[in-house]
Structures are given as C-alpha cells and as structure tokens.
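In: Fold the following for me, if possible:
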Amino acid sequence: MKNDKLNNQYRVNEQIRVKEVRVVGDDGSTVMPTRQALEMARHQGVDLVEISPKAQPPVCRFIDYSKFLYQQKKRAKEMKAKQVKVEVKEIRFGPQTGENDYNFKLKHAKEFLLDGNKVRAYVFFRGRSILFKEQGEVLLLRFANDLEEFGKVEQMPQLEGKKMAIFIAPKKAGTVKKSQQKLDRERREAEAKEAALQAEANKKETEGEMPAGGGLFANAKISEEALRKLKENNE
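Out: Predicted coordinates for the structure are as follows:
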C-alpha cells in the first residue's frame, strides 16, 4: 500500500499529458514540448518524471524512476527514524524511601534520560505524612540535582492531590560529559556524607521531626543545599 501511494505521487513518461514541460537539470531549466522531452529521455535511457505538477508549465526531470523511488523511500525512512517518540517514565518515592532505594531509582532515572525519555518523579503521601510535604519537595529537588548532568527540570515540584511531582527532561545528545568513573566517585562521596549525616541525625531524633526509619526525612537532611541551589536557578 505504501509503495503504491508513493508510485501514484508522480506522473512518468506517457502519463504526462500536458503540451509542454519545464525540464530542470544541473545546467538549468528549459521549456520544451512534452513529446520532445520524452524523446530526449528515451535517448538518454532514463525516464521523464513530473516532480512539480502545479507549476506552469509542470516541472520535470530526466531520472531513473526506480532509483528515484528508492531514494524517496530511503529519505522517508530516515526522517521517520529521527522522529523519536519521547516517553514519560515515572519514578515513585514513598515517605519511607531509604538511601539504597533512592540510589536504585536514581540509577534508573539516569538510564531513562540517556535513552531520551522524560522522567516524572513523585512522592506519594499517605494519611498524616502529607504534613511533611516540604520534605517531599526537598527530596525531589535533591533528585533533580543528582540528575543535573543528564537532564534539566522542566517543571518544579507541584502538589497534585496526595502526590508531589517534578518533571525532568533529557539533555541533548552530547551534553553528558562526565565520565562513569567520576560519577561513581561522586556517588561514593555522597553515600559517605549521607552515612555521616544519618548517624548525626539519629542522635538528635525528636518526636515529629523524623521517623525512626529515616527514609524521606533523612533524605531531606542532605537535600537542603539542593533545594537552595535549584530554587536559585529557577528564579
């Protein structure tokens, strides 16, 4: 069906029934009777193909029609391949998201962005945990800050019912410059810093300030700098 549609887009040889045509080539263009153009095409062993039927007179070329169709199909295929379908991948955090789970989801988010997909990360609040929505915002901003080499914030954290979500779009190809070794080193440094902060936070834990498991609110401790930085960048 697709081939038939492409074939029917152009009139060739005897299908061209106007009295005269404009034949274009590397040396310019010439208006001549259609019969003369057909004779010249046969003499050269090619086809007379009408490429612009609405022009006055219609514009034609001397070309091998089969090769012409092949090139047209190839070009259409290449254009379709460039039209990459962007998907939105979701990353969910809960009020008890621990550091290991956070890093696991961070890794997947990096992969999604490298594949050219957008990421929608959100914190889902249940019951009274909605009271800590500010810490949820800090967590999402930390997440965006950790992904700054791979994507850019398209929408800052917004509360949507019981969810607070942030949208991150991938950076253009070629902008991810950090080596994997450098990223691994930074990750280890962040983990060491988090462990130290967690130990200190456990000593200062008070009721209503942070649940015993740490989770979202422990993550928030390390994220204050990310909150400040990203808010400044988006003002």
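In: hey, where'd the helices end up in the chain?
Out: 2-7, 34-44, 65-82, 99-114, 133-146, 180-203, 215-222, 224-233 (DSSP state H).
In: and the chain, what are its domains?
Out: Domains of the chain are assigned by automatic domain parsing as 2-65, 88-176+206-233.
In: Show the average pLDDT along the shortest one.
Out: By that I understand domain 2-65. Averaging pLDDT along domain 2-65 yields 88.
In: Ok, the last one next?
Out: Across domain 88-176+206-233, pLDDT averages out at 79.
In: chain center to that domain, what's the gap?
Out: For domain 88-176+206-233, the separation from the chain centroid amounts to 19 Å (computed by CA atoms, centre = their mean, to the nearest Å).
In: now do the shortest one
Out: Centre-to-centre, domain 2-65 and its host chain are 41 Å apart (CA atoms, centre = their mean).
In: Start the count at 479 instead of 1 going forward.
Out: Happy to do that; since the first residue is 479 now, the last one works out to domain 480-543.
In: Next, the residue most central in space within the chain: phi, psi?
Out: A centroid search over the chain (CA atoms, centre = their mean) returns residue 594, at 3.7 Å, as the residue closest to the centre. For residue 594, the backbone dihedrals (degrees, to the nearest 10) come out as phi 90, psi 10.
In: just to revisit the earlier point, would you turn the domains of the chain into a markdown table with distance to residue 672?
Out: Backbone N, C-alpha and C define where each C-beta goes, glycine included. Supplementary listing: the domains of the chain in a markdown table, determined by distance: least, CB to CB, whole Å:
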| stretch | distance to residue 672 |
| --- | --- |
| domain 480-543 | 55 |
| domain 566-654+684-711 | 5 |
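In: now the angle from whichever strand in the chain runs longest to helix 611-624?
Out: Counting by DSSP state E, the longest strand found in the chain is strand 629-638. Strand 629-638 runs at 170 degrees relative to helix 611-624, counting by axes from the mean of the first three to the mean of the last three CA atoms, to 10 degrees.
In: which residues are in contact with strand 629-638?
Out: 591, 596-597, 600, 611, 614-615, 618-619, 622, 642-649, 708, 711-712 (CB atoms under 8 Å, 6 or more residues apart in numbering).
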